[in-house]
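K.L.:
Next come a sequence and a model predicted from it.
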Amino acid sequence: MDYRSTTERSIRDPEGFWLEAAEAIDWDVAPTAAIDASNAPLYRWFADGMLNTCYNALDRHVIAGRGDTTALIYDSPVVGAKKSYTYSALLEKVARFAGVLAQAGVSAGDRVVIYMPMMPQAVVAMLACARLGAVHSVVFGGFAAKELAVRLDDAEPTVIVTASGGIEPSRVVEYLPTIVTALELSRGTVRTVIVKDRPEVPGSARELEGAAGVDWWDWDEAASVATPHDPVPVAATDPLYILYTSGTTGAPKGVVRDNGGHAVAMAWSMRNIYDVHPGDVMWTASDVGWVVGHSYIVYGPLIAGATTVLYEGKPVGTPDAGAFWRVVSDYKVKVLFTAPTALRAIRKVDPHATLADQYDLGSLDALFLAGERLDPETWTWATALLEKPVVDHWWQTETGWAICASPRGIEELPLRAGSPSFPVPGFQVEIVDEHGHEQHPLSEGNIVIRLPLPPGTLSTLWKGDDRYIHSYLSAFPGFYLTGDSGYFDREGYLYVMGRTDDIINVAGHRLSTGSMEQVLAQHPAVAECAVIGVADQLKGQKPVGYVVLKSGSTPVESELAAELVAMVRDQIGAVAAFRDVVVVSALPKTRSGKILRKTMRQIVDGEDYVIPPTIEDTQAIQVIVDSVARG
C-alpha cells in the first residue's frame, strides 16, 4: 500500500489497522480490541492484551535463533571503549540484573529511577525494569540534586540505579554526591541505591554505606550472585515508563507510556517510517535520558530485531567534527537519527565537511532529524554532503514517536526543505485558529491532533489525569494540543514554525519568530540563530536576532546586520520590523538541542529567570547576559 491509502485506512478503520499492526508483537494474551474509549478522552489501547516488553525486545529473537546477532554496539570515545553485545549476551545481562532488582524488592508496578550516563548498563537497567513489569523513570545523568529530588518525590521509587559518574570531554561529573543530597531532600521512598563503578570517576557504593539512610549496593557484586529473572506478563495498559519533560519547573510533568501501545508503535514505526528491519544497524545519536533515546536507542531497534548503537560522545570534540561519520563508517549504519543542532555544530566547525571525506558512508540509506526545527539551510547542507535523503520529522516527548514524517518503509515521498512532510498514519493533524476553526492551507495556526491519539502516545500524566486533560485536551475539545504553531501548504506538507509562545505581537501583527530564523539561517556566514520577541514600548514587542557564525567567518558585524535585516524585509516584509542583530559565540540550549528562547527573552527583558536543569552549557547564558550589558 502507498502512503495515501495507508493513511486513509488508519483513519477509516483504526480498529482493524492497529489490531493488524499488533500482530508484530508477541503477546501472552492477544488483544481482541484495539481502542478502549470507555473513559474518553482518556483512551486506552489493547486493553485486554497482556505482554512483556523486554521479552519482545530480547527473548523472542533468541528463541527464533537470532541470539548471535548483534543487538547493541557501545562506542565511547570519552573512555576509549568499544564493545558489542549479541542478543543472547544482552538477554543474559538483563535477566540477571532483573534478578538484582527483584532481590531489592522491586516487583510489577514499582518505580525505579535510573540516573546514568550513556553506558550499556543504562540500557540493561531499563530493560530489566520492563522484564519485571516495573516502571522506570530515567533522569538525565547530571541533573542537579534539587531537580532529582523533585522527581523522586513525584515518582516515589523504591530503588535508584546509578553509576559513579559521567564523563565529558573536559571533565568528569560525580553522580554520587548528587544522589546523596537528593535523597536527603526527598521524602524518603527509596530503600536501595545500586551503583555501577566507573574507574574514571571517584566514588563507590562501598564508600557510602549507610549514607542518607538507604542501602548501597555495588552493581557487579549484586549481579554476580543474582538469579536471572523470567519476564513478567503485564496488562497492555500498565505503565512501562515515566519520563519527565525537559525544562520542567515547579510540579514535574511525568509523561506515562504504556506497554502494549508502545510496543506496537515501536514495531510499526521501525518498519514503516525508518525502513529498519532485523539485522539492520540504526544509530540514534541522542541520550537515553530523552524520549528519542527511549524510543530509538533502546526499545524500537530491539523490538525490531535490529542492531542499535549507543554512543558516549559528542558531535564535535570527541575528537573532532568527523566523529559522526566515523561511527557510521565503522558500524555500517543504515539509518542515522540525530538533532539538527548536532549537524549545525558539525557544520560550524567543518563547514565544507572535509572530515566526512575520510570515511565510507556508503551504508547510510537516510539521515533522520528531529528535536528542534530543521532550518532549510542545514537541510540543504546535509543533503548535498550525504547525497542521501535527509528526512525531517516532527514529534514530541508526549507522543513518543513521529507525528509527521516521510515514511520510507511505505513510500519514498518527495522531501521539502523546512517541512517534516505529512502526518504519519494514525495521526489526524489539523490547523485551527484560537477559536478552534480549521484554517485554510498557508494560514498559520495551532497544530492539533484529533482524538484518539494513536498507540504509543502518552496515556496520561503520572498521578495527573485531570492535569493531562487540562494541559492538553481542554483548549480544543476533541483534540490534543501540541503547543506548536504551523501551517499546511497546498500539497499537504506541514510546516512547523515553533512553539505557540514563540509567536510575537509586533504592533498588532502576529508574527512567527521561526519564519524569521528560517530567513537568517540562509546567510552563508550564519551557523545557527535564534529570534526572540523582546518588550518594546511603541510596538509591544520587537524581534531581535541572535546569530552564531560559522568557523572562519569574520564579517563586519554592522554589515552582516544590514544584510540580515534586508533579507527579512525582502522575504517577510517591513511588517516584521526586524532591525536588531546580535552576534554571539553560543546560544543557550538544553542537552537535547532545544534553544532556550524563553530564558533568553527573560534575560533581555530584565525579568527574573531560572536556568533550566536541562541546560547543556551554563556559560552560554552568560554570553546572552554579556550581550545585554554591552547594549
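P.N.:
Okay, I see it. This structure is a prediction, so every number in the text was calculated from the model and none was measured.

K.L.:
can you give me the strands in the stretch 401-550 of the chain?
P.N.:
Taking DSSP state E, counting those that start in this stretch as the criterion, the stretch 401-550 of the chain carries its strands at 404-405, 422-423, 429-432, 445-450, 460-461, 479-488, 494-499, 503-506, 509-512, 526-536, 540-549.

K.L.:
For the last one, could you pull out the residues that count as buried?
P.N.:
Within strand 540-549, the residues that count as buried by 16 or more other Cβ atoms under 10 Å are 541, 542, 543, 544, 545, 546, 547, 548, 549. Every residue, glycine included, has its C-beta placed from N, CA and C.

K.L.:
what's the average pLDDT for it?
P.N.:
Over the span of strand 540-549, the pLDDT mean works out to 90.

K.L.:
next helix or strand past it?
P.N.:
Past strand 540-549, heading to the C-terminal end, the next element that is a helix or strand (DSSP states H and E) is helix 557-571.

K.L.:
quick one: that next one to strand 526-536, angle?
P.N.:
Using axes from the mean of the first three to the mean of the last three Cα atoms, to 10 degrees, one finds that helix 557-571 and strand 526-536 are set 80 degrees apart in direction.

K.L.:
Now the two most distant members of the buried residues of strand 540-549.
P.N.:
541 and 549 (25.9 Å; Cβ to Cβ).

K.L.:
sorry, back to before: mind giving me a markdown table with the buried residues of strand 540-549 and columns for distance to residue 611?
P.N.:
Below are the buried residues of strand 540-549 laid out as a markdown table (distance: Cβ to Cβ, whole Å):
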| residue | distance to residue 611 |
| --- | --- |
| 541 | 23 |
| 542 | 25 |
| 543 | 24 |
| 544 | 20 |
| 545 | 22 |
| 546 | 17 |
| 547 | 22 |
| 548 | 19 |
| 549 | 25 |
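
K.L.:
Restrict stretch 65-83 to CA atoms and write it as CSV.
P.N.:
What follows is stretch 65-83 as a C-alpha-only set of coordinates in CSV (Å, rounded to 0.1, in the frame of the first residue of the first chain):
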residue,chain,number,x,y,z
GLY,A,65,17.5,-18.5,16.5
ARG,A,66,19.0,-15.0,16.2
GLY,A,67,20.8,-15.0,19.5
ASP,A,68,24.2,-14.5,17.8
THR,A,69,23.0,-11.4,16.0
THR,A,70,24.5,-8.1,17.4
ALA,A,71,21.9,-6.3,19.5
LEU,A,72,23.9,-3.4,21.0
ILE,A,73,27.2,-1.7,20.0
TYR,A,74,28.7,0.6,22.6
ASP,A,75,31.2,3.2,21.4
SER,A,76,32.7,5.7,23.8
PRO,A,77,35.4,8.0,22.6
VAL,A,78,35.5,9.6,26.0
VAL,A,79,36.8,6.5,27.7
GLY,A,80,38.2,4.8,24.6
ALA,A,81,35.9,1.8,24.8
LYS,A,82,34.1,-0.2,22.1
LYS,A,83,32.1,-3.3,22.8
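
K.L.:
for it, what is the average pLDDT?
P.N.:
Here the mean pLDDT over stretch 65-83 is 97, rounded to a whole number.

K.L.:
Report the buried residues of stretch 554-572.
P.N.:
Neighbour-count burial for stretch 554-572, counted by 16+ other Cβ under 10 Å, picks out 560, 561, 563, 564, 565, 567, 568, 569, 572.

K.L.:
er, stretch 199-216 I mean
P.N.:
For stretch 199-216, the neighbour count (16+ other Cβ under 10 Å) marks 201, 203, 204, 205, 208, 211, 212, 214, 216 as buried.

K.L.:
Just name the closest of these to residue 178, please.
P.N.:
Distance ranking of those against residue 178, using Cβ to Cβ, places residue 203 first at 10.3 Å.

K.L.:
Quick check, that closest one in contact with residue 179.
P.N.:
No: here residue 203 does not reach residue 179: they are 9.3 Å apart, not a contact under Cβ atoms under 8 Å.

K.L.:
Return the set of buried residues in the longest helix seen in the chain.
P.N.:
Once the chain is assigned using DSSP state H, the helix that runs over the most residues is helix 87-103. Within helix 87-103, the residues that qualify as buried by neighbour count (16+ other Cβ under 10 Å) are 87, 89-102.

K.L.:
Then stretch 361-369?
P.N.:
Here stretch 361-369 shows 361, 364, 365, 366, 367, 368, 369 as buried, counting by 16+ other Cβ under 10 Å.

K.L.:
returning to what we had before: could I get the buried residues of stretch 199-216 as JSON lines with distance to residue 276 and pLDDT?
P.N.:
Putting the buried residues of stretch 199-216 into JSON lines (distance: Cβ to Cβ, whole Å; pLDDT from 0 to 100) gives the following:
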{"residue": "201", "distance to residue 276": "34", "pLDDT": "95"}
{"residue": "203", "distance to residue 276": "38", "pLDDT": "94"}
{"residue": "204", "distance to residue 276": "39", "pLDDT": "96"}
{"residue": "205", "distance to residue 276": "38", "pLDDT": "96"}
{"residue": "208", "distance to residue 276": "41", "pLDDT": "96"}
{"residue": "211", "distance to residue 276": "44", "pLDDT": "95"}
{"residue": "212", "distance to residue 276": "43", "pLDDT": "96"}
{"residue": "214", "distance to residue 276": "41", "pLDDT": "97"}
{"residue": "216", "distance to residue 276": "40", "pLDDT": "98"}
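
K.L.:
now, the most widely separated pair of those residues?
P.N.:
201 and 214 (20.2 Å).

K.L.:
ok, back up a step: if you average pLDDT over each of the strands of the stretch 401-550 of the chain, which is lowest?
P.N.:
Taking the average pLDDT of each of the strands of the stretch 401-550 of the chain, the minimum falls on strand 509-512, with a mean of 67.

K.L.:
residue closest to the middle of the protein?
P.N.:
By Cα atoms, centre = their mean, the mean C-alpha position of the chain lies nearest to residue 292, the distance being 3.3 Å.

K.L.:
My guess is that one contacts residue 370. True?
P.N.:
Yes: with contact defined as Cβ under 8 Å, residue 292 counts as touching residue 370 (7.0 Å).

K.L.:
Between the two, which contacts overlap?
P.N.:
Residues touching both residue 292 and residue 370 comprise 337, 339, with contact defined as Cβ atoms under 8 Å, 6 or more residues apart in numbering.

K.L.:
The stretch 1-150 of the chain: strands as residue ranges?
P.N.:
Secondary structure of the stretch 1-150 of the chain (DSSP E, counting those that start in this stretch): strands at 35-36, 44-45, 50-51, 70-76, 81-86, 111-115, 135-138.

K.L.:
Residue 300 is nearest to which of those?
P.N.:
Comparing the strands of the stretch 1-150 of the chain by their distance to residue 300 (Cβ to Cβ), the top pick is strand 70-76, with 12.6 Å.

K.L.:
Could you name the helices and strands sitting against that closest one?
P.N.:
Using 3 or more Cβ pairs under 8 Å, 6 or more residues apart in numbering; DSSP states H and E as the contact criterion, the elements in contact with strand 70-76 are strand 81-86, helix 87-103, helix 120-132, strand 307-311, helix 323-331.

K.L.:
just the angle between the fourth one and helix 87-103, please?
P.N.:
Here the directions of strand 307-311 and helix 87-103 differ by 60 degrees (the same axes, to 10 degrees).

K.L.:
I'd like to know which elements strand 307-311 is packed against.
P.N.:
strand 70-76, strand 281-284, helix 300-303, helix 323-331.

K.L.:
Alright, calling it a day.
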